[in-house]
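*Asks:* here is a sequence with its predicted model. Questions after.
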Amino acid sequence: MTQRKWFAPFLQFALRHATVISGSIHTDWKELPATDFLPSVPQMNDFFTSSDSTDYDFIDARLQADMTLMQAELSKENGTLTFTLTTPEYMEKETAEKLKPFLRRSIVYTWKDGKFIPDTL
């Protein structure tokens, strides 16, 4: 079970914050602040590899990407949380193609010391 070592901190946290009543776990859980586990989420600019203010293709495409839409995927194998920008999927095809050369494929966060930390930003 070495593949699931990352799961133990999640389970320990859940059990530590569960309310025990009469020897059983009470299921009336309260929402915990997301910032305890995920201090920050990627912002739109984090997904760009370049912010060259003189590249007009970049400037034009970036201005049209005015809403941050992303997908988050939790890996069951290694405890990473991967964010992928999905904004281009909702843009005009031509504009999305202009933006594509400037985009990172994804941003990966790793579970460390009880929270998700970005590998690189």
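*Replies:* Here it is on my side, so go on.
*Asks:* what about this protein, any weak spots by pLDDT?
*Replies:* Applying pLDDT under 70 to the chain picks out residues 1-26, 50-53, 121.
*Asks:* please enumerate the helices of it.
*Replies:* All helices of the chain, identified by DSSP state H, fall at 7-17, 56-64, 93-99.
*Asks:* which parts of this protein are strands?
*Replies:* With DSSP state E as the criterion, the chain has strands at 19-21, 24-26, 70-74, 80-85, 107-112, 115-118.
*Asks:* separation between Ile117 and Asp46?
*Replies:* Remark: distance between Ile117 and Asp46 (Cβ to Cβ, to the nearest Å) = 14 Å. (Each C-beta comes from the backbone N, C-alpha and C, glycine too.)
*Asks:* any idea what the most centrally placed residue in the chain is bridged to?
*Replies:* Centroid-nearest residue in the chain, with Cα atoms, centre = their mean: Phe83, separated by 3.8 Å. In this entry, Phe83 is beta-bridged to Ala72, Ile107, by DSSP bridges.
*Asks:* now do the contacts for it.
*Replies:* By Cβ atoms under 8 Å, 6 or more residues apart in numbering, the contact set of Phe83 is 41-42, 70-72, 106-109.
*Asks:* that older thread, in terms of neighbours, single out the busier of Ile117 and Asp46.
*Replies:* Asp46 (17 against 13; other Cβ atoms under 10 Å).
*Asks:* hmm, Tyr109 and that one touching each other?
*Replies:* No: using Cβ atoms under 8 Å, Asp46 is not in contact with Tyr109; the gap is 11.3 Å.
*Asks:* sweet, I'm off.
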